[in-house]
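In: Predicted coordinates and the sequence they were generated for:
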Amino acid sequence: MGCGKWSSLFPSSKILNYLKYTAAVFILLYVLLVQKLNFLLHEKKNNPIFNGDYVLNNDTICYDQEKITAVVIVHTSSDHFVQRQSIRNTYGSMALYLPVQIRIVFLLGRVSSKELQNEILSEHDKYGDIIQGNFIDAYHNLTYKAVMGLHWVSHYCPQAKYVVKLDDDLIFDMWRFIKMFDARDLYVSKTIYCYVRDRGIVPREGKWKVPDHLFKEYTYYPFAHCIGFTVIYSGDIIPHLYEASFKIPLFWLDDVYVTGLLRLAVGGIQLIQQTQPNNLEPSKNGMRCLEEKDEDCTYLAVGVAENNINSTWSAVKRRNHII
Ligand SMILES: *[C@@H]1O[C@H](CO)[C@@H](O)[C@H](O)[C@H]1NC(C)=O
Ligand SMILES: *[C@@H]1O[C@H](CO)[C@@H](O)[C@H](O)[C@H]1NC(C)=O
Ligand SMILES: *[C@@H]1O[C@H](CO)[C@@H](O)[C@H](O)[C@H]1NC(C)=O
C-alpha cells in the first residue's frame, strides 16, 4: 500500500531519469575538475629558469649503478673543447677510480653558430658526456646552467652520494676527495662544503657587477654563499634546491643564487667552510703548495691554465702515489 503511494509520487521511470541526469552532471563536473587540476599541476611544474629542455642529453650515464660516489658537473663554455679534453685526459677519466664509481658531465648552453654546434655534436657522439640546455650560453646566463645541473642530477643521477660542481679551469684531486669524504664514511646529509664567503660585498662594478636595483640597500649580501670554483654538495639536497628554483627569481651570479638564495629557501642546509684540511680556495698558489708540501698540501682543487695542466696533473698523481 505504502509502496503504491510512493511510486505514485515518484514514478520509477522518473527516478531513473533523475538519477541518470544527476550522474551525467557529476561525471561531467568530475572530468572538468580533473582536467583543471592537471592543468594547475602542470602549470606549477613549469620551472621559469630551466624546465628540462635539453638540446643534448645522455640519460643513461648513471643508470647502470646503484651506488655512485660522486657525479662531477663541470660548468664549461660551449667553445671550450680544449679544456674539456684536458679534463677527460686527466682527473676526468673515471676508470682511474674504480671500483669507486665516479661520473662526469659537462654543462653547456646553446650556441648560434651551426659549425660550432656540429663540433659539439660530434664531441657528444664520441664521449656521450655533453649536457646542453636550450638557453644561450653566455656569461650572464650562468644561473641557467646551474639550475640545469640541479635538474639533471635530480632526474638522471639522483643516487649520487656527492655532487661536485667544478669550473673547467682546474685540476681536481679525486683521490684525495675519495680519501677525505668517502673512505672515512663521513657522509653528512644536508651539507655543502666550499670556500664560504660570509656576507661578501655586493659588487656594483667589474666582472661580477650586480644591477643597482637588486640588493638595493645592501653593501654586503645578507647571507653567506660559496665561491663557485669548487663546491661539494651532499646529494640529498639537490632535488630540494631544484624545487626551490621554481619560486626564487633568477639572480645571475650562480653561486650566490644556488648556495645563498636557494639554500636559504630550502632551509636546514649547513655550509661547511673548507680552509683546513680540504682547501677549496681558488688560489693561484696551488701548484706551489703541491710542489712544496706534496701530501701535506691540503688543496683538493688547483686552478690551472693550458700551459700547466700537465705539470699540475703530474704533481697530483705523484702525491697520491699513482705512476
Ligand atoms: C651515455 O653515457 C654512457 C656511459 O658513459 C655511454 O656508454 C653511452 O654511450 C652514452 N650514450 C649516448 C647517447 O651518448
Ligand atoms: C640567456 O638565455 C636566455 C634564454 O635562452 C635568453 O633569453 C637571454 O638572452 C640569455 N642572456 C644572455 C646574456 O645571452
Ligand atoms: C699535455 O699532455 C698531453 C697528453 O700527454 C699532450 O697531448 C699535450 O700536448 C700536453 N700539453 C702540454 C701543454 O704540454
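Out: Right, received. Where do you want to start? Ligands and ions are numbered 1, 2, ... in the order given.
In: what's the neighbour count on the spatially closest residue to residue 80 that is not a sequence neighbour?
Out: Closest residue to residue 80 apart from its sequence neighbours, by CB to CB, 6 or more residues apart in numbering: residue 168 at 5.6 Å. Glycine gets a C-beta too; all of them are placed from N, C-alpha and C. The number of residues packed around residue 168, counting by other CB atoms under 10 Å, is 18.
In: if I pick residue 168, what's in contact with it?
Out: 74, 75, 76, 77, 80, 83, 84, 87, 106 (CB atoms under 8 Å, 6 or more residues apart in numbering).
In: and what of residue 169?
Out: Residue 169 touches 83, 303, 304, 305, counting by CB under 8 Å, 6+ apart.
In: coming back round to it: how close does the residue nearest to residue 80 sit to residue 72?
Out: 11 Å (CB to CB, to the nearest Å).
In: ok, so of the contacts of residue 168, who is nearest ligand 1?
Out: Ligand 1 lies nearest to residue 106 out of the contacts of residue 168, by CB to the nearest ligand atom, at 12.2 Å.
In: ok, the helix or strand harbouring the closest one near ligand 2 or not?
Out: In this assignment (DSSP states H and E), residue 106 forms part of strand 102-110. No: using CB under 6 Å from any ligand atom, strand 102-110 stays clear of ligand 2, coming no nearer than 6.6 Å.
In: Can you report how many residues neighbour the residue in the stretch 1-150 of the chain that ligand 1 sits nearest to?
Out: Taking CB to the nearest ligand atom, ligand 1 has its nearest neighbour within the stretch 1-150 of the chain at residue 128, 2.7 Å off. Residue 128 is flanked by 13 other residues according to other CB under 10 Å.
In: Chain neighbours aside, what residue packs nearest to it?
Out: residue 58 (4.9 Å).
In: And residue 63, by the same measure?
Out: Per CB to CB, 6+ apart, closest to residue 63 is residue 156, 7.6 Å.
In: what does residue 220 give?
Out: residue 199 (4.3 Å).
In: distance of that neighbour from residue 181?
Out: In terms of CB to CB, residue 199 sits 27 Å off from residue 181.
In: of the two, who's got more company?
Out: Taking neighbours as other CB under 10 Å, residue 199 and residue 181 compare with residue 181 leading, 22 against 13.
In: Return the distance of the more buried one relative to ligand 2.
Out: Distance, residue 181 to ligand 2, by CB to the nearest ligand atom, to the nearest Å: 34 Å.
In: State the distance from that residue to residue 310.
Out: Taken as CB to CB, the span from residue 181 to residue 310 is 26 Å.
In: what's the answer for residue 317, then?
Out: Residue 317 is 11 Å from residue 310, by CB to CB.
In: before we move on, what about residue 168?
Out: With CB to CB as the criterion, residue 168 and residue 310 are 16 Å apart.
In: Tell me if I'm right that residue 204 and residue 211 touch.
Out: No: under the criterion of CB atoms under 8 Å, residue 204 is not in contact with residue 211, lying 9.0 Å apart.
In: hmm, back to that, can you list the strands that the strand holding residue 106 pairs with?
Out: strand 68-75 (parallel), strand 130-136 (parallel) (DSSP bridges).
In: Most tightly packed of these?
Out: Ranked by average neighbour count under the criterion mean count of other CB atoms under 10 Å, the strands paired with strand 102-110 are headed by strand 68-75 at a mean of 24.
In: if we look at that strand, which residues are touching it?
Out: 61-62, 84, 87, 92, 97, 100-107, 142, 145-146, 149, 152-153, 157, 159-168, 172, 174, 177-178, 182, 228, 235, 254.
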